[in-house]
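> prediction below, plus the sequence it came from.
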Amino acid sequence: MIELIQVSKCFNAGKSNQFTAVDNVTLEIGQGVVTVLKGPSGSGKTTLLTLIGCMARPSSGRIRLNGIGASFFPKISSEGGFDIASLPERFLTEIRRDTFGFIFQQFNLIKGITALENIMLPAYPTGRGHTLFRKRALELLAMFNISRHETSRIEWLSGGELQRVAIARALINDPAVIVADEPTAHLDSKLSREFMDIIGSLKTAGKTILIASHDPIVYDSHLADQVIEMRDGRITGAGLVP
Amino acid sequence: MLNARKSTIFLVCLAVSLVLFVIMVLHARYGRAEAQSESRYRADLAKKLMVTDLCLFTEARYTRHPSMADLDTAFQDHPVSLEHFPSGSFVSPPDFLVRTHEVSH
Amino acid sequence: MKLAINRHRNIIDFALSSLLRRKIKNVSLLVVYTLIIFVLASLIFFVQALKREASLILRNAPDMVVQRLVAGRHDLIPANYEQKISSIRGVQDVVPRLWGYYFDPAIGANYTVMVPRDKMVQADNIIIGSGVARVRKASVRDLIAFQAYDKTPLLLMIQQILPYESELVAADLILMSEPDFQSMFNLPKGYATDLAVTVANPRELVTVATKIAEQLPDTRPILKSEILRTYASVFDWRGGMMIVILSAAILAFIIFAWDKATGLSAEERKEIGILKSIGWETSDVLFLKFWEGIVISLSAFLCGVILAYGHVFFFSATIFEHALKGWSVLYPQFRLVPVIDAFQLTVLFALSVLPYTVATIVPAWLAASADPDAAMRS
């Protein structure tokens, strides 16, 4: 479970172009829950995702991770977990690598190398055995029906195939949480619905999912357990979808 | 082979190169027996023939026997005589032409 | 430990994939890099071995050679100088040397003709160096027709060809008997080319030389130490051709490093951002750049040096032949004793590997330390 307590993120503090992207957000994300952040662009969705996903530190407030193990911290479930804001970068990176899998709006795959290698990349710095994560990458390719593209350079793949490679990459380290930023922005309705189907299967597998989107296919989906509306960095409406 | 990881191929090649490098160093230190006996033969021949220069550049007197070069070498053998290239740039005039010891006493 | 090895192997995997994306560019870079290091290392090996050879061979040169100069030119030395020098205290032995040059118009080569001190050549015979045999395509018992001083032909038979190992000393030599030498060059009676002087105590060499110069003012004694010094500075890095080659090589290394050092392209920066966003730390990215640099420069260095060693010591530095030959028709085969100058090789390593690798890492530093969320914002 991830808990945000009065979290704010301010850019260019003290300068003339000071800008508060996230303003006093308090939020709880349960395990195995699909949460959708809904709102127009500039509402702070992306920044909030980076904070939750341990990519950046909040300017103020606390972010707690509960029940999420890390190699140097035992699972702490009874107390409030640990506060990531105070962790040094190296630990933060390790948590991020093992706990979170990211799917970016632009997919952000590396050109010139194969789909397989793209999927394996997040596992490279972990020091895990190559045979192990290669096997897992091949399983993921099979799971998403793109095994035939194992040795294809990603420049040759279609939009839908790229999407699936991006999702597979997010799953290589078997993370507990999937974070997706506007995943359907460049996809047509058919592919967007396919994406939500994949999300459904991930939810069944027990993953916690966090999606930022202004696409109705996403936030109106029956899979969304919690839809949080944001505007100007604040939460304007949060509701558990019945 | 085709399925080998790129890093494996690279590290193997690197290891082979390093081994060859070490062999090269060891060869230079210990494996020169034949070359050294040839070297000794040359030294003995040089002594027998009272040789004063190595046979490197056979184009002109002063490139073939630079240690015997005369003081007028700079003026060459005849007008419009070109500098011998590239031997001229490899062999500098012997320093005793600059500072003859009969003057130094 | 295993984790660290795995991590580096994984990073190397990606570094290689990354380099292979521009296969042609990086392969040609590797080839050129190797070539430059090959040339420099060959020079280092060649020059070092040659200098060593020179000092070994010329250690046995005569203690002193006395030349006579007339009107600033090398002239013949009269025999009575021999007696005068012998009478100087400290002089052990004085030997008149008979030698000269012969130009062979058919081949265009210059030979050095010598009368050896001991009577190793029979009359009407010659002993030739292997270089002479090579350019004339001659074998033992062949007849060579020389042109004597008066343009009459002088026929001499090859008694022996000096072996291949003697090239550096005797490649262009023609040894003949004294009567044949006189037939060829017609030196006036009682004259020699120069005198080889042996001194009993080597420490007295300079004193003896000074005395000779005083008593015979038209002579110029050349000491063994001066002969050795001549060859200590041959192929010096500061000399003409060598400095050109060295400067060109250094310039090439600078250009390669400069190409890497002048910042990252926008695409490279984006890629580093992506890597950071998917979980690569700053150190992982820097190691990636490190390996990218090392793959090219270290491979080039090892390959270039090993090939250079083979080239110089197993193939007699044949590639240099065209550069060194110049106008010579007769060029010796270099059979050199392998020697490695650790200092110069280390300098070559520092010049070729370090700047390139550093130039690959440093520009990436800023991008590598950027926040991982930068990729989300693009």
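Happy to help now that I have it. Residues are numbered from 1 along each chain as shown, chains lettered A, B, ... in the order given.
> for the closest residue to residue A:108 other than its chain neighbours, report the pLDDT, please.
Closest residue in space to residue A:108, ignoring its immediate chain neighbours: residue C:274 at 4.7 Å, by C-beta to C-beta, 6 or more residues apart in numbering or on different chains. C-betas here are computed from N, CA, C, even on glycine. At residue C:274, the model reports a pLDDT of 89.
> would you say residue A:3 is within a helix?
No: using DSSP: H, G, I helix; E, B strand; the rest coil, the secondary structure at residue A:3 is strand, not a helix.
> nearest residue to it in space, please, no chain neighbours.
Using C-beta to C-beta, 6+ apart, the closest residue to residue A:3 is residue A:64 (4.3 Å).
> likewise for residue C:278?
Residue C:278 sits nearest to residue A:122 (C-beta to C-beta, 6+ apart), 4.4 Å away.
> for whichever residue of chain B sits closest to chain C, give its distance to residue C:239.
Per C-beta to the nearest C-beta, residue B:89 is where chain B lies closest to chain C, at 2.6 Å. Distance from residue B:89 to residue C:239, counting by C-beta to C-beta, to the nearest Å: 6 Å.
> same question, residue C:112
24 Å.
> circling back to that earlier point, and the residue nearest to residue A:108, how many neighbours?
23 (other C-beta atoms under 10 Å in any protein chain shown).
> and what of residue C:186?
Counted with other C-beta under 10 Å, residue C:186 comes out at 11.
> circling back to that earlier point, can you tell me the element the residue of chain B closest to chain C falls in?
helix B:87-90 (DSSP states H and E).
> same deal with residue C:96?
With DSSP H and E as the test, residue C:96 turns up in strand C:91-104.
> helices or strands next to that strand in the packing?
helix C:80-86, strand C:109-115, helix C:178-185, strand C:191-192, strand C:194-199 (3 or more C-beta pairs under 8 Å, 6 or more residues apart in numbering or on different chains; DSSP states H and E).
> buried set for it?
Neighbour-count burial for strand C:91-104, counted by 16 or more other C-beta atoms under 10 Å in any protein chain shown, picks out C:91, C:94, C:96-100, C:104.
> do the same with stretch A:104-113
So stretch A:104-113, judged by 16+ other C-beta under 10 Å, has buried residues A:104-110, A:113.
> redo those residues as a markdown table? Include distance to residue C:301.
Listed next are the buried residues of stretch A:104-113 as a markdown table, based on distance: C-beta to C-beta, whole Å:
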| residue | distance to residue C:301 |
| --- | --- |
| A:104 | 40 |
| A:105 | 44 |
| A:106 | 40 |
| A:107 | 39 |
| A:108 | 36 |
| A:109 | 35 |
| A:110 | 29 |
| A:113 | 27 |
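> how near is the residue of chain B closest to chain C to chain A?
Note on residue B:89: its distance to chain A, by C-beta to the nearest C-beta, to the nearest Å, is 47 Å.
> just to revisit the earlier point, surely the residue nearest to residue A:108 meets residue A:110?
Yes: counting by C-beta atoms under 8 Å, residue C:274 touches residue A:110, with 6.2 Å between them.
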